[in-house]
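Peer 1: Pasting the sequence and the predicted coordinates here, then a few questions.
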Amino acid sequence: MVDLREHERKTLSALKKLSGKASLEQIMNESGLSDSAVMRAAITLHERKLLKIIEEKQALATLSEEGKSYARKGLPERRMIDTLKKLSGEAPLETVVEKAGLEDQFVPIALGWIQRKKWAALDSKTKTLRISEKIGEGSDERLLKILGEKGQAVVEDLGSELQETVQILKGRKLLDVEQKTRRIIEITDAGLAATKKGTRVAAEVTQLTPELIISGKWRKAKLQKYNIAAQGGNTWLGKKHPYLQFLDEVREKLVALGFKEMTGTAVETAFFNFDALYTPQGHPAREPSGCYYVKSPKHGSVNAYKQVLANVKATHESGWKTGSSGWRYKYSTKEAGRLVLRSHTTCLSARTLLGRDLEIPGMYFSIGPCYRPEVLDKTHLTEFNQVEGIVVDKDLTLRDLLGVLEKFAIDIAGADKAKFVPDYFPFTEPSVELRAYKKGFGWIEFGGSGIFRPEVTLPLGIDVPVLAWGLGIDRLFMLKAGIDDIRQLFTLNLDWLRRKEVT
Amino acid sequence: MPTIDIDYAEFEKLLGLELHRDLEKVSEVLEFVKGEVKLWDEKADVMSVEINDTSRPDVWNIEGLARTLRGFLGLETGLKEYRVGKPIVEIFVDERLATIRPYIGCSIIKGVRLSDPIIRGFMHMQDKLDQSYGRNRQRTSIGLYDFDLIKSPLTYGVAKPTEISFVPLGCEEKMNLKQILQKHPKGIEYGHIVNKHPVYPILLDAERKVLSFPPVINSSDLGRITDQTRNVLVEVTGTMNETVLNTVKIVTLSLIDRGGKAYAAKVHYPKEQAPVVTPSFEVGSMDLDVEYVNKVSGLRFTAKQIVELLSKAGYRAEKVGGDCVRVHVPCYRVDVMHPVDLVEDVTIAYGYNNIKPLWRRLPTTGGMRLEQALVDTARELMVGLGFQEVLTYTLTNPDNLFSKMNVKRGKVVELANPKVQTLTCLRSWLLPSLMEFLSNNLSVEYPQRIFELGKVTLLDEKRETGTRDEDWLAAVVSHANAGFSEIKSNLDAFFMNLGLKWQIKEAKHPSFIDGRVGTAIVEGTSVGILGEINPQVLMKWKLENPAAGFELNMQKIAKTKHKPTA
């Protein structure tokens, strides 16, 4: 006698009934157990060498849309030949096509197969079809019928002739073949012997129930010991997206440093995205290869900024009162209203400087999507998030800018030290790149910054220095999360998100 | 940003300093010109250097780069004087070019010794200037010629498409201008710049030999320089006079740095009285207040220090009056527009890392945007309900937004110049993004429960940008038994925990199953929709499991709350 648990006994006897070999589904149906119960029992029985779990690769054939329609209506060559039969075996091709109701695109297919199957001959001069004597049901039609009825078939289960036919129909794109893994459970000799010798179900209780507790029966029952190392089911809990959570932390740190959040829209006028930031209208960043333009409406409104617009225009053209020579070209007011998808969030800083609520001293930041026409690859996204902002106060200097940057490197990137490298932006001078050093990470480019040029601030009516900064937080997140492909930030891989540890 | 290929051996030679091919040292040196080594082909001994500074075409070539770096490294400080000899070529410009490509500049450099790496460098410089500074030859394009084969005066004129034939560079047979535009690779690439005009620009010498068909291609006979060429003619045509003149200047200086002596050309424009002489190496000047330098930098420089630092940056400067410095700006510094540009050079020469950072905590109060509190609460609740947060692009396509959701095509913000076919517009709702997410995870364990709280963009004529952005929230559950009651109980829990009073009213929406879809009403306002996804929609996304979801407008929910929890 072999001691088995209830589920194990049921599984084994079901397997025996199913002639010793069956799929998980078959055993579930036969035994009335759930899939996890069968699987658990099978694993234990497998460990006790009473059965074997075999993984089999199998090819599953299913009809394509076209295949399904042929399964219903018949192959086009069959429809053609049936029509020809009705027309007493010989008729002009045109008539056959018309009577068969074949769509134009199927005529060459039908004709090709009729000739290949030698069902009829086409006289090339008279364009007449003449039926041949033998027209049997082909294996292709048999397979079509089987698949039409069952919906799908395991290729390995088909006869050798039909297996070849699968390839033919696949070539005609009438069916798809998909590779799947199937678990087969097979009873072993030992298992068979055990069922013959008889099994004994141990008087063990699997599930402790309310009834057992209330009645006190649990005292007498023997609670079954579990294989606690066995793989249980998965629990996937709800959690935040790791990248968004990282952005939340950055936001909180900036707020703690005294920064106020600015917001805006994805669609922006070229005026705020470029002009107000002293980026000339012929600048490469404004070409279709550098910036997304909106198809409709093409233009927004800059009417609310008449005076500022005039200042900006004069600054671009000849420097206005800024002490600059300007870009020296003819500025187009119409172009200022052109709508774009913002290519950076610096446009929000320009709007804030112009806003009625601007506080001096003031510290501002924004986090939001920006858009540039890049081809997506390991290091480029066409839509990405920027964290940037400004510090406004009288008497701010380059030293203050470096102070802010160093603060970011240490407080936000958790860096050990920072260094500064000359950089370039059309709207800042001096411009500084921030590099942060963190043990284990090395030097990373962590930000671009500068002091807004007088050509930016004065036209907006700001006569105090404005420190502008942007942080390269994507790179930092990627290092922290151990990913090397920036596309992973917008991953569609649920499994990765589920398994990603929370930091 | 221009990336320029630098022959390392040539670089060291021009720089006059050995860096032993040490990447760290080279990188440190290149920081002075805002350059970064992107690639180093050790076999060819060529570095690809990206120059961040898009306003300084003078450093987009090996000679200019070395010239500037020699100053910062203290190897050759001060303003480098360049001279040009009197005009030895004249050019007559046809008035019909006024609406096509009106400007031309030219110089002749005699006595250059050219080697293969030097010629490659010039070709590369020509390419970079044409691309970036010349906006892909739209604004300017450069031609280099063997001067010994050319007879002055030149004619910068026009020709009908089939009027003139010549052998273009890269070909062996004569072609007329029309054939060049149709067949020659450069004609195909740049033809669009001129082909809308009935006549095309053409540059001819005194014997009517063709120099080039600007801005498309040079002649194979005259427009080619080799290691045998001693005297080079540089020509630049374009639509902006200043850019044309700057380009001639920059190319000429490189050739002078290679040991040549420059001569000018005289350009006669129609109707103009005095001819224009190119190139001009005129030095500019600008006054710089010591106080201004210190106000911007936060340092305490003396006039003397400023003079010295400017000298390293390639300027000549002298103290004038009490606290002012007169700065002589080299002719190639086309980027200097304002005294602040000089301040940057002073600080770069001083060294950014020699400046002590100063952190002053300003008396400001930090704060998140008003909507953020509710957004955060909503995300916390969704997580508590067992949903995985996802992040998808706000860029999508109308097929996803409408046809795959079984709804009529509506108006959205579409891009005029999409880069890929799948990202052509901004999303106007979130559920399609979640359906796309599900369809990418068919083989991942079910049940799947996901949500996204993100931006949607809606057309709004009343706004400056013609649009408004809103925070919306969408969630979907999908598994073999997913259905309306599950999503409704989730939504109920969500609303209850936000402290709202809500009700669900019957609705019609083709993305959902009829009779299993409702509108969520809070304080009399419809704030969103919930329901069981229509199998037609599931099919379109190739989903095999039932799904149910909701989508809410967080902006509307915020308004129904008396006060957003700040």
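Peer 2: Great, that's in hand.
Peer 1: Please enumerate the strands of the stretch 151-300 of chain B.
Peer 2: Using DSSP state E, counting those that start in this stretch, the strands of the stretch 151-300 of chain B run over B:154-159, B:165-166, B:175-176, B:200-204, B:210-213, B:217-218, B:232-238, B:261-268, B:276-278, B:284-289.
Peer 1: And those strands: which comes nearest chain A?
Peer 2: Nearest of the strands of the stretch 151-300 of chain B to chain A, taken as C-beta to the nearest C-beta: strand B:284-289 at 9.4 Å. Quick note: C-beta positions are derived from backbone N, CA and C, even for glycine.
Peer 1: wait, does the closest one contact chain A?
Peer 2: No: interface with chain A: strand B:284-289 contributes nothing (C-beta under 8 Å from any C-beta of the partner chain), its closest point being 9.4 Å away.
Peer 1: does the residue of chain A most remote from its centre count as helix, strand or coil?
Peer 2: Taking C-alpha atoms, centre = their mean, the residue of chain A most remote from its mean C-alpha position is residue A:88, at 58.3 Å. State at residue A:88, reduced to three classes by DSSP: H, G, I helix; E, B strand; the rest coil: coil.
Peer 1: Which phi and psi values does it adopt?
Peer 2: Taking degrees, to the nearest 10, you get phi 60, psi 30 for the backbone angles of residue A:88.
Peer 1: Next one, pLDDT for it please.
Peer 2: You'll see residue A:88 listed with a pLDDT of 80.
Peer 1: again, but for residue B:563
Peer 2: 48.
Peer 1: How about residue A:201?
Peer 2: 63.
Peer 1: Could you do residue A:196 as well?
Peer 2: pLDDT, read off for residue A:196, is 79.
Peer 1: could you measure it against residue A:189, distance?
Peer 2: Distance of residue A:196 to residue A:189, computed by C-beta to C-beta, to the nearest Å: 10 Å.
Peer 1: Wait, residue B:190 touches residue B:215, no?
Peer 2: Yes: using C-beta atoms under 8 Å, residue B:190 makes contact with residue B:215 at a distance of 5.8 Å.
Peer 1: Tell me which helix or strand comes right after the helix or strand of chain A with the lowest mean pLDDT.
Peer 2: Ranked by mean pLDDT, DSSP states H and E, the weakest helix or strand in chain A is strand A:199-201, scoring a mean of 65. The helix or strand immediately downstream of strand A:199-201 is strand A:204-205, counting by DSSP states H and E.
Peer 1: Would you mind checking the average pLDDT for that next one?
Peer 2: So the average pLDDT for strand A:204-205 ends up being 75.
Peer 1: Can you spell out which helices and strands pack onto it?
Peer 2: strand A:222-223 (3 or more C-beta pairs under 8 Å, 6 or more residues apart in numbering or on different chains; DSSP states H and E).
Peer 1: What about residue 53, how many residues nearby?
Peer 2: I'll assume chain A. 14 (other C-beta atoms under 10 Å in any protein chain shown).
Peer 1: meant chain B, my bad for not saying
Peer 2: So residue B:53, with other C-beta under 10 Å, has 20 neighbours.
Peer 1: And it, which helix or strand is it part of?
Peer 2: Counting by DSSP H and E, residue B:53 is part of no helix or strand.
Peer 1: which residues touch it?
Peer 2: A:424, B:33-34, B:59, B:335 (C-beta atoms under 8 Å, 6 or more residues apart in numbering or on different chains).
Peer 1: Most neighbours out of these, which is it?
Peer 2: Comparing the contacts of residue B:53 by number of neighbours (other C-beta under 10 Å), residue B:59 comes first, having 26 neighbours.
Peer 1: wait, doesn't that one sit right on residue B:33?
Peer 2: Yes: assessed by C-beta under 8 Å, residue B:59 is found in contact with residue B:33 at 4.9 Å.
Peer 1: Please identify which residue in chain A comes closest to chain B.
Peer 2: Nearest to chain B in chain A, going by C-beta to the nearest C-beta, is residue A:397, at a distance of 2.8 Å.
Peer 1: Show the contacting residues for that residue.
Peer 2: Contacts of residue A:397 (C-beta under 8 Å, 6+ apart): A:465, B:295-299, B:358.
Peer 1: what does residue A:154 give?
Peer 2: A:58-61.
Peer 1: quick check, nearest of those to residue B:469?
Peer 2: residue A:60 (45.9 Å; C-beta to C-beta).
Peer 1: Let me know the helix or strand that that closest one is in.
Peer 2: Residue A:60 belongs to strand A:51-63, assigned by DSSP H and E.
Peer 1: got the angle between the next helix or strand after that strand and strand A:51-63?
Peer 2: Next in sequence after strand A:51-63, counting helices and strands by DSSP H and E, comes helix A:65-73. Inter-element angle recorded for helix A:65-73 and strand A:51-63: 80 degrees (by axes from the mean of the first three to the mean of the last three C-alpha atoms, to 10 degrees).
Peer 1: Which other helices and strands does helix A:65-73 contact?
Peer 2: Going by 3+ C-beta pairs under 8 Å, 6+ apart, helix A:65-73 lies up against helix A:139-150.
Peer 1: Name every strand pairing with whichever helix or strand comes after the helix it packs on and say which way it goes.
Peer 2: For helix A:139-150, the following helix or strand on the C-terminal side (DSSP H and E) is strand A:152-154. Using DSSP bridges, the strands paired with strand A:152-154 in its sheet are strand A:51-63 (antiparallel).
Peer 1: what's in contact with the strand it pairs with?
Peer 2: Under the criterion C-beta under 8 Å, 6+ apart, residues A:12, A:15, A:42-43, A:45-46, A:71, A:144, A:147-148, A:151-156, A:166, A:170, A:174-188, A:191 lie in contact with strand A:51-63.
Peer 1: try it again with 6 Å
Peer 2: A:42, A:45-46, A:147, A:152-156, A:166, A:175-188, A:191 (C-beta atoms under 6 Å, 6 or more residues apart in numbering or on different chains).
Peer 1: Could you pull out the buried residues of it?
Peer 2: For strand A:51-63, the neighbour count (16 or more other C-beta atoms under 10 Å in any protein chain shown) marks A:51, A:59, A:61, A:63 as buried.
Peer 1: Just list the residues touching residue B:261, thanks.
Peer 2: B:110-111.
Peer 1: close to chain B, is stretch A:376-388?
Peer 2: Yes: judged by C-beta under 6 Å from any C-beta of the partner chain, stretch A:376-388 and chain B are in contact via A:382-383.
Peer 1: Quote the end-to-end distance of that stretch.
Peer 2: 23 Å (C-alpha to C-alpha, to the nearest Å).
Peer 1: quick one: average pLDDT of that stretch?
Peer 2: On average, stretch A:376-388 scores 90.
Peer 1: what's in contact with it?
Peer 2: In contact with stretch A:376-388 (C-beta under 6 Å, 6+ apart) are residues A:250, A:344-345, A:367, A:369-371, A:374, A:470-471, A:473, A:485-486, B:393, B:395, B:419.
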